[in-house]
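[1] Provided below are the primary sequence and the corresponding predicted coordinates.
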There are 4 protein chains.
Amino acid sequence: MDDLELARLCGEHMWTRDKASRTFGIEIDIPRAGEAIAVMAVRDNMVNSFDVCHGGILVALADTAFAFACNARNEISVAASVQAEFLRPARRGDVLTAKSVEEHRGRKSGYYTVEIRNQDDELVTLFRGRSVATGRPLLPPTK
Amino acid sequence: MDDLELARLCGEHMWTRDKASRTFGIEIDIPRAGEAIAVMAVRDNMVNSFDVCHGGILVALADTAFAFACNARNEISVAASVQAEFLRPARRGDVLTAKSVEEHRGRKSGYYTVEIRNQDDELVTLFRGRSVATGRPLLPPTK
Amino acid sequence: MDDLELARLCGEHMWTRDKASRTFGIEIDIPRAGEAIAVMAVRDNMVNSFDVCHGGILVALADTAFAFACNARNEISVAASVQAEFLRPARRGDVLTAKSVEEHRGRKSGYYTVEIRNQDDELVTLFRGRSVATGRPLLPPTK
Amino acid sequence: MDDLELARLCGEHMWTRDKASRTFGIEIDIPRAGEAIAVMAVRDNMVNSFDVCHGGILVALADTAFAFACNARNEISVAASVQAEFLRPARRGDVLTAKSVEEHRGRKSGYYTVEIRNQDDELVTLFRGRSVATGRPLLPPTK
């Protein structure tokens, strides 16, 4: 199995268990190992009191892309810290695409950048995440 | 009207419009101007593939507390950047309390810290947010 | 030996070896275990091209306070990440006081806040640091 | 004058005034507008009590690269916030190269990433900076 096949197998395994991301209506694509793309439409119940997408939901979208990017190697990695800059509001009906790429992967820590862009390719959010690898396998043992 | 009354009026105005926070089942209390407490139970649909609360939802909870803390003065303030450290996982059924306090408020920028603790008073997440004041009033003009 | 005596012994041990902090003319005080105060005057060779104190030197001052705060327990802790908000410029001749307090200390990671204020008690910089404990003793073994 | 010529003119103007960066022995190169490379050798007086380069001096190196990258358009931009992850220690005698690239530039805010690598091309520090443009020209008016 090559790196991309393993990354996608890990992604499928996560997807069936990730109730939160499915509740947000997020869809995932894994173009290569260490990268992930998460797409979400801003629904009516995602806006805050200023009628723009709640910042926490932007972070949730980015965090999902980050989680699928850092769990590509059949070793459970968890988010240790995240940081987001909100550059432009997202509005209901916008379709947001979060692309996560690996900046650096050390022995235990990984560093990922996520850009969220809207349907007009405008940058909405810049996000960074640090992951910590646990040493535990993600996939169940095969017989 | 004193500062606390104004802060609570702003909070009530935001609350009726904040669909996202209500969708998460968050409840808000404003103990004093510049502070806000947001409480949320971790529901079944908030967990990720590792069966712990999705990091983005922890950020959403903190971000809500932050938003209510930084909008206490009848001037719309929006989140410009957020940062979170995930210290301990939250599990389904946990009841999380996010308390936001104002660290510094300049002419335009405000800096807030939020601590999320669980029902056993254990620190789950350390969060910081920077807000930018827009100059626009939050409350509608009174007659 | 109580906590404060130990913290001060660790501080003295570090101080004699910390050439960088001495080069900046920083002075250290340890008011209690887990806290440190670092004082520095902005010298002529600390200003950047806009004639204000170089941001990196503000971070160096804060980082020194952070290092002395997180090394109070005779276990070597190193800075893993730092974050700083520059709220107000510092000018040559200003006397800056950085106070570091412990926000949270887990098994391995510690989280510290540092405020830098000028001689007029105005907030110049808000800084946060995350430390990682190495498990190695700071002080040499006593006979 | 093209973008690169303007960027280099701005850089030269800053360089003659930036006493702090010169005190650290930093050298600057501007390969293209919006990018800057800063090189520094770790001197004996740059190490902390653990005999590795003081974190604040790593930040100062990155911050210098960032400053020269974000001031390429003849408009004074100042650092508003910085964030650094220390991935690997730097030792006395190491020659460090900080490369700053522009990630996003909005109307007022700019976002830059800096990587510091050592002479073996190992990643030492990941740094991010946010700049704010002041609207004031950097270069003196020409006759």
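    Thanks, I have it.

[2] Can you give me the distance of the spatially most central residue of chain A to residue A:130?
    With distances taken as CA atoms, centre = their mean, chain A has residue A:65 as the residue nearest its mean C-alpha position (1.2 Å). Residue A:65 sits at a distance of 15 Å from residue A:130 (criterion: CB to CB, to the nearest Å). Yep, even glycine has a C-beta here, placed from its N, CA and C like the rest.

[3] coming back round to it: what about the one helix or strand the residue nearest to the centre of chain A maps to, near chain D?
    Using DSSP states H and E, residue A:65 falls within helix A:55-70. No - figure legend: helix A:55-70 not in contact with chain D (CB under 8 Å from any CB of the partner chain); closest approach 14.7 Å.

[4] before we move on, what about stretch A:30-38?
    No - figure legend: stretch A:30-38 not in contact with chain D (CB under 8 Å from any CB); closest approach 15.5 Å.

[5] which other residues reach that stretch?
    A:3-4, A:6-8, A:11, A:21, A:26-29, A:61-62, A:64-70, A:72-73, A:97-102, A:105 (CB atoms under 8 Å, 6 or more residues apart in numbering or on different chains).

[6] same thing but 6 Å
    A:3-4, A:7-8, A:11, A:26, A:28-29, A:61, A:64-65, A:68-69, A:72, A:98-102 (CB atoms under 6 Å, 6 or more residues apart in numbering or on different chains).

[7] With just CA atoms, put it into PDB.
    This file holds the C-alpha atoms of stretch A:30-38, laid out as PDB (Å, rounded to 0.1, in the frame of the first residue of the first chain):
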ATOM      1  CA  ILE A  30      -7.400  13.600   0.500                       C
ATOM      2  CA  PRO A  31      -5.400  14.700  -2.500                       C
ATOM      3  CA  ARG A  32      -2.100  13.400  -1.100                       C
ATOM      4  CA  ALA A  33      -0.700  12.000   2.100                       C
ATOM      5  CA  GLY A  34      -0.300  14.900   4.600                       C
ATOM      6  CA  GLU A  35      -2.900  17.000   2.900                       C
ATOM      7  CA  ALA A  36      -6.700  17.300   3.200                       C
ATOM      8  CA  ILE A  37      -9.400  19.400   1.800                       C
ATOM      9  CA  ALA A  38     -12.600  20.000   3.700                       C
END
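
[8] Return the set of buried residues in that stretch.
    A:30, A:33, A:34, A:35, A:36, A:37, A:38 (16 or more other CB atoms under 10 Å in any protein chain shown).

[9] same question, stretch A:87-107
    A:87, A:89-90, A:94, A:96-103, A:105.

[10] so how far does that stretch reach from one end to the other?
    Using CA to CA, to the nearest Å, one end of stretch A:87-107 lies 32 Å from the other.

[11] That stretch: how far from the chain's middle?
    7 Å (CA atoms, centre = their mean, to the nearest Å).

[12] got the angle for the helix holding residue A:65 vs helix B:55-70?
    Angle, helix A:55-70 to helix B:55-70, by axes from the mean of the first three to the mean of the last three CA atoms, to 10 degrees: 150 degrees.

[13] dump the residue contacts of residue A:20.
    Residues near residue A:20 by CB under 6 Å, 6+ apart: B:46, B:48, B:54.

[14] State whether residue A:90 and residue A:41 are indeed in contact, as I suppose.
    No - Residue A:90 lies out of contact with residue A:41 (CB atoms under 6 Å); the separation is 10.0 Å.

[15] and residue A:100, which of the three is it?
    Secondary structure for residue A:100, judged by DSSP: H, G, I helix; E, B strand; the rest coil, is strand.

[16] Please report how far it lies from residue A:63.
    Separation of residue A:100 from residue A:63 (CB to CB): 9 Å.

[17] Can I get the buried residues of stretch A:87-107 in a markdown table including distance to chain C and pLDDT?
    Formatted as a markdown table, those follow (distance: CB to the nearest CB, whole Å; pLDDT from 0 to 100):
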| residue | distance to chain C | pLDDT |
| --- | --- | --- |
| A:87 | 18 | 96 |
| A:89 | 22 | 97 |
| A:90 | 25 | 98 |
| A:94 | 29 | 98 |
| A:96 | 26 | 98 |
| A:97 | 27 | 98 |
| A:98 | 23 | 98 |
| A:99 | 24 | 98 |
| A:100 | 19 | 98 |
| A:101 | 20 | 97 |
| A:102 | 18 | 96 |
| A:103 | 14 | 94 |
| A:105 | 16 | 94 |
